[in-house]
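Trainee: curious how this folds, go ahead:
(one chain, ligands or ions: 1)
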Amino acid sequence: MIIIFSGPSGVGKSTIINELIKKKNLYFSISHTTREKRHNEIDGMDYFFVKNSEFNDLIKSDFFIEYEKYGTDYYGTGKDQLNNPELTTVLDVEVNGATTLLKKNPKFVGIFIDIENDELINRLKTRGHNPEFISKRMQLASEQRSKINEFDYIVKNVDINTTVNNILDIICNLEESW
Ligand code: 5GP
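Mentor: As a prediction, this is how the structure comes out:
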């Protein structure tokens, strides 16, 4: 089973996925990206970090099931990431990539994570972003929300523990009926 998590930046997707993986044996799909590695990230675990030229070669060789430019960088999901026969696979992709995947295969399950605007602004402020960046991100969030109907589930992330437990319930129910 393939579960695609998406939603505006700052809603807590990666924290939610990390907590889910601690509680349940799931396979996390590792994307390729051209962006710089952050200090706490591990190449081959969080992402495969590649140069633009390498990413272009992978596009040409039809390696990706989907890829998108997000901000100034490219992100893509390799077809090989969706072949785990034993475990449910979870993906963290931005909204355009997510809807591409959901259209490609009706069996993929889409979960849109969202939070209230005030909370999103607070989180972006806490990350140290300036007002101009925050207003661009809020504009982007409203564009991303316009695709919310293409997802199977919408989960509001009010409290992380509740959110993780709600999503675990969704995944377990889906696995039972799979
Ligand atoms: P970040 O740079 O913060 O790790 O991720 C930026 C955005 O890229 C996030 O919204 C994340 O969901 C998205 N992303 C990560 N991997 C992929 C991918 O393989 N494909 C697409 N389309 N988006 C991705």
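Trainee: who touches the residue in the chain that the ligand sits nearest to in this structure?
Mentor: Closest approach between the chain and the ligand, counting by Cβ to the nearest ligand atom: Gly97, at 2.3 Å. Heads up, the C-betas are built off the backbone N, CA and C, glycines and all. Gly97 is in contact with Ser6, Glu66, Tyr67, Glu68, Tyr75, Gly76, Thr77, counting by Cβ atoms under 8 Å, 6 or more residues apart in numbering.
Trainee: hmm, the last one is touching Ser29, no?
Mentor: Yes - Thr77 is within contact range of Ser29, at 6.1 Å (criterion: Cβ atoms under 8 Å).
Trainee: quick one, which of these two is more surrounded?
Mentor: Thr77 (25 against 20; other Cβ atoms under 10 Å).
Trainee: out of the contacts of Gly97, who's nearest Asn117?
Mentor: Taking Cβ to Cβ as the measure, Asn117 lies nearest Ser6 of these, at 17.6 Å.
Trainee: let me know the helix or strand that the residue of the chain closest to the ligand is in.
Mentor: For Gly97, the element it lies in under DSSP states H and E is helix 95-104.
Trainee: for that helix, the averaged confidence score.
Mentor: Rounded to a whole number, the mean pLDDT of helix 95-104 is 97.
Trainee: who does whatever helix or strand comes next after it touch, helix- and strand-wise?
Mentor: Next along the chain after helix 95-104, taking DSSP H and E as the criterion, comes strand 109-114. Judged by 3 or more Cβ pairs under 8 Å, 6 or more residues apart in numbering; DSSP states H and E, strand 109-114 is in contact with strand 2-6, helix 95-104, strand 153-156, helix 160-177.
Trainee: quick one: buried residues of the longest one?
Mentor: It refers to helix 160-177. Buried positions in helix 160-177, judged by neighbour count with 16 or more other Cβ atoms under 10 Å: Thr163, Val164, Asn166, Ile167, Ile170, Ile171.
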